[in-house]
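1. Here is a sequence with its predicted model. Questions after.
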Amino acid sequence: MINSYAGLDDAGVAIAAARAGADVVRNMYGQRLTRIDKGAGDFATAADVEAEKAILGVIRSARPHDAVLGEEGGQQGAAEAVRQWLVDPLCGTLNYAVGNMLVAVNVALRNGAATVADPFSGEVFFTDGETAWARHDGADVQLSPTSATQLVDVNLDPPFPSAPGFRAVGLLANPGFVERFRPRVVSTTLALAWVAAGKRAAYVTDGGDLSASVHFAAGIALCQAAGCVVTGIDGAPIGQAGHGLVVAADAETHEQLMSMIGSRS
């Protein structure tokens, strides 16, 4: 049997894998799905599990020696491997489980190619690690961030490790924020791809080091390749000592958000 993925570059593998996962998510949408409890109100569905299987099938066919960290399956291969894929098969499970289509499929090679797929719009956002693109109906368009929408997506999901110094909900009550921006809460990292694509002006979330998170790695890679300003909520570069994430379409928007965040600390 011919391996149709073997000749793909890393970006091609990321795209094929994310699309395979997106196909599963789309096809299982609306079904009565088994839930797997993860505790603290979190859960996965059968769609999460099956989408991850489809993604891993592509990666295993194309890059059989690479390590993989999947949200559902955990670590496969050496955790310290130079080449490791980070897989979030369905970001926005709570949305999906109640019939909300705001979800994403995230596949990223650590420090390399990455893809965020929207199962329902058909859009695939991807980067080879240097430039970022959106593919829709067979056409590729280079991503061009802009703050023109003035829409800022704020993640309000717990936990809140930086509280009380920083609470995302406090940002929404900042008079300067209300004057300059309009908040949105999508509750999926699809919003990160939207910043890279100019559909959002910025994205803000609390957290620890998100650079190697299966949820955030693909979106961060897209935004960095597209030319967005990407830092922690303390303004420091993201990394092992990082705290949360502020991604802005441009330096002015980032500066304004940081001044508001700083005023809450």
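-> Here it is on my side, so go on. Computed from a predicted structure; not experimentally measured. Numbers count the residues shown, from 1 in each chain.

2. Just give me how far stretch 204-214 sits from the chain centre.
-> 10 Å (Cα atoms, centre = their mean, to the nearest Å).

3. got a list of contacts for it?
-> 69-71, 86-88, 106, 110, 152-155, 159-163, 166-168, 171, 216-217, 220, 233, 238-247, 257, 261 (Cβ atoms under 8 Å, 6 or more residues apart in numbering). Every residue, glycine included, has its C-beta placed from N, CA and C.

4. Give me the buried stretch members for it, please.
-> 204-207, 209-214 (16 or more other Cβ atoms under 10 Å).

5. Between the two ends of it, how far is it?
-> 17 Å (Cα to Cα, to the nearest Å).

6. circling back to that earlier point, taking the contacts of stretch 204-214 one by one, which sit in strands?
-> 69-70, 86-88, 106, 152-154, 245-247 (DSSP state E).

7. Nearest to Leu33, out of the residues you listed: which one, please.
-> Asp88 (17.4 Å; Cβ to Cβ).

8. neighbours around the closest one, how many?
-> Other residues near Asp88 come to 32 when the count uses other Cβ atoms under 10 Å.

9. Now the terminal residues of stretch 120-135, how far apart.
-> Stretch 120-135: ends 14 Å apart by Cα to Cα.

10. Other residues contacting that stretch?
-> With Cβ under 8 Å, 6+ apart as the criterion, stretch 120-135 contacts 9-11, 14-15, 18-19, 22, 26, 29, 101, 103, 111-118, 136-137, 140-143, 193, 196-197, 221-223, 225-226.

11. give the contact list for Ala168.
-> 154-156, 160, 204-206.

12. Now with 6 Å, please.
-> 154, 156, 206 (Cβ atoms under 6 Å, 6 or more residues apart in numbering).

13. Out of the ones in strands among the contacts of stretch 204-214, who's the most crowded?
-> Asn106 (34 neighbours).

14. Tell me which helix or strand Ala11 sits in.
-> helix 10-28 (DSSP states H and E).

15. Measure how far that helix is from the centre of its chain, please.
-> How far helix 10-28 lies from its chain's middle: 14 Å, per Cα atoms, centre = their mean.

16. After that helix, heading C-terminal, what element do we hit next?
-> Taking DSSP H and E, what comes next after helix 10-28 is strand 35-39.

17. That next one: partners in the sheet, and parallel or antiparallel?
-> Applying DSSP bridges, strand 35-39 is found paired with strand 42-45 (antiparallel).

18. Now do the strand it pairs with: everything it contacts.
-> 33, 35-37, 72, 97.

19. What about those residues, which one has the most neighbours?
-> Most surrounded of these: other Cβ under 10 Å gives Glu72, at 20 neighbours.

20. residues in contact with that one?
-> Contacts of Glu72 by Cβ under 6 Å, 6+ apart are 44, 48-49, 52.

21. Leaving out sequence neighbours, find the closest residue to Ser144.
-> Gly198 (5.7 Å; Cβ to Cβ, 6 or more residues apart in numbering).
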